[in-house]
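Peer 1: Got a sequence here, can you model it:
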Amino acid sequence: MKWILYNSLEECTIPHLYEILKLREEVFIIEQDCIYDDIDGIDYVSSHLLMLDDAILAGYLRMVPAGEKFNEISLGRIVIRKKYRGKRLGKELIQKGLEESAKKGSEMIRIEAQAHLEDYYSEFGFKTDSEIYDVDGIPHLQMLVNYKEIQD
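Peer 2: Predicted coordinates:
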């Protein structure tokens with residue numbers, strides 16, 4: 001797999017932006033049957049991490065700067081293309097997202113996770129930091145990790 005990190009939306013190529021938005025639509029809107037405003041304005045201030053298999057976008061996440069959505073930097077829109085699931089690529093994507101977030105000087109990293117993935121994210125050291133709440137009809141919760149602590 002090849003990694004590409006765009007530190008701003010302006011850096012992102014048009015073909016990559018198209019593939020990002022298409023993948024997010026396929027998974028979060030169509031597959032999960034959830035009509036919501038995916039293009040929420042936060043993409044402009046976020047960094048975008050792409051996992052490519054040759055020219056195919058296999059996975060993606062965005063890193064939202066501290067102060068934009070939460071007090072801490074946060075990982076969001078974490079997605080693996082359906083045909084790449086079950087190959088531990090999600091773990092690679094999250095680990096790379098944590099590493100890149102730490103390089104930006106952030107020790108504390110937050111996610112807003114779908115509640116059924118709580119155990120999955122705890123494998124990376126994330127600890128639940130909220131009660132379950134609704135986001136567009138899907139139960140979510142916030143989780144937080146101190147990246148420095150999980151590296152020691």
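Peer 1: From residue 127, how far off is the residue nearest to residue 12 when sequence neighbours are not counted?
Peer 2: Spatially, and ignoring its direct neighbours in sequence, residue 12 is nearest to residue 6 (4.5 Å; C-beta to C-beta, 6 or more residues apart in numbering). All C-beta atoms are positioned from the backbone trio N, CA, C, and that covers glycine. Separation of residue 6 from residue 127 (C-beta to C-beta, to the nearest Å) stands at 29 Å.
Peer 1: Residue 4 too?
Peer 2: Applying C-beta to C-beta, the value for residue 4 to residue 127 is 30 Å.
Peer 1: need the helices for the protein, in chain order.
Peer 2: For the chain, the helices defined by DSSP state H cover 14-24, 89-103, 118-122, 147-151.
Peer 1: Format these as a markdown table; extra columns: mean pLDDT and mean neighbour count.
Peer 2: Formatted as a markdown table, the helices of the chain follow (pLDDT from 0 to 100; neighbours: other C-beta atoms under 10 Å):
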| stretch | mean pLDDT | mean neighbour count |
| --- | --- | --- |
| helix 14-24 | 95 | 15 |
| helix 89-103 | 95 | 18 |
| helix 118-122 | 96 | 14 |
| helix 147-151 | 85 | 12 |
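Peer 1: do you know which of those helices lies nearest residue 39?
Peer 2: Closest to residue 39 of the helices of the chain, according to C-beta to C-beta: helix 14-24, at 7.1 Å.
Peer 1: just for this structure, where's the confidence low?
Peer 2: Counting by pLDDT under 70, the chain shows low-confidence ranges at 152.
Peer 1: Swap in 80 and give it another go.
Peer 2: Across the chain, the ranges flagged by pLDDT under 80 are 30, 32-38, 151-152.
Peer 1: so who does the residue nearest to residue 12 touch?
Peer 2: Going by C-beta atoms under 8 Å, 6 or more residues apart in numbering, residue 6 touches 12, 16, 47-48, 50.
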